[in-house]
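Peer 1: Pasting the sequence and the predicted model now:
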Amino acid sequence: MDKPSIAIEVVYALAERQKLLRLSVPTGTTVREAALRSGMQQFFPELDLSQAPLGIFGKAVGKPEERVLEEGERVEIYRPLIADPKEVRKQRAAKAKAREEGEESS
């Protein structure tokens, strides 16, 4: 007898395009297994699904090899960050401070 299955989605997005795939996977499938089963690499050959950070509905999954999926969940494949958000905020604050100091001396 076939193992029961669940319906899930796997999604990946770049700035200019995205892909959402609906899959039926066996009950007990992990987040990482679902990403690997999705075939997303045929649409985005640069993807390394064995190492890519993964999440479910906007929340990162710390151990995708252990987290078992439930019916209807959406696995998200995350891109590496281009810039560290903390560093970007620091730079923005420094520029704002420099502008304020420049306005005060005028």
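Peer 2: Perfect, I can see it now.
Peer 1: Looks to me like Ile8 is in a strand.
Peer 2: Yes. Counting by DSSP: H, G, I helix; E, B strand; the rest coil, one finds Ile8 located in a strand.
Peer 1: OK, contacts around it?
Peer 2: Contacts for Ile8 (C-beta atoms under 8 Å, 6 or more residues apart in numbering) come out as 22-25, 29, 34, 69, 71-75. The way it works is simple: take the backbone N, C-alpha and C, and place the C-beta from them, glycine included.
Peer 1: was I right about Gly39 contacting Pro45?
Peer 2: No. Counting by C-beta atoms under 8 Å, Gly39 does not reach Pro45; the two are 11.5 Å apart.
Peer 1: neighbour-wise, which of those two wins?
Peer 2: Gly39 (13 against 7; other C-beta atoms under 10 Å).
Peer 1: Regarding the closest residue to Glu76 other than its chain neighbours, what is its secondary structure?
Peer 2: The spatial neighbour of Glu76 that comes closest, neighbours along the chain excluded (C-beta to C-beta, 6 or more residues apart in numbering), is Gly55 at 4.5 Å. The three-state label given to Gly55 by three-state DSSP is strand.
Peer 1: Helix or strand with the lowest mean pLDDT in this structure?
Peer 2: helix 85-104 (a mean of 81; mean pLDDT, DSSP states H and E).
Peer 1: Kindly reformat the contacts of Ile8 as JSON lines containing pLDDT, neighbour count and distance to Lys63.
Peer 2: Converted to JSON lines, the contacts of Ile8 look like this (pLDDT from 0 to 100; neighbours: other C-beta atoms under 10 Å; distance: C-beta to C-beta, whole Å):
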{"residue": "Arg22", "pLDDT": "97", "neighbour count": "10", "distance to Lys63": "25"}
{"residue": "Leu23", "pLDDT": "96", "neighbour count": "17", "distance to Lys63": "21"}
{"residue": "Ser24", "pLDDT": "97", "neighbour count": "10", "distance to Lys63": "24"}
{"residue": "Val25", "pLDDT": "97", "neighbour count": "19", "distance to Lys63": "18"}
{"residue": "Thr29", "pLDDT": "97", "neighbour count": "20", "distance to Lys63": "15"}
{"residue": "Ala34", "pLDDT": "97", "neighbour count": "27", "distance to Lys63": "14"}
{"residue": "Leu69", "pLDDT": "98", "neighbour count": "23", "distance to Lys63": "13"}
{"residue": "Glu71", "pLDDT": "97", "neighbour count": "9", "distance to Lys63": "20"}
{"residue": "Gly72", "pLDDT": "97", "neighbour count": "10", "distance to Lys63": "21"}
{"residue": "Glu73", "pLDDT": "98", "neighbour count": "18", "distance to Lys63": "15"}
{"residue": "Arg74", "pLDDT": "98", "neighbour count": "16", "distance to Lys63": "18"}
{"residue": "Val75", "pLDDT": "98", "neighbour count": "30", "distance to Lys63": "14"}
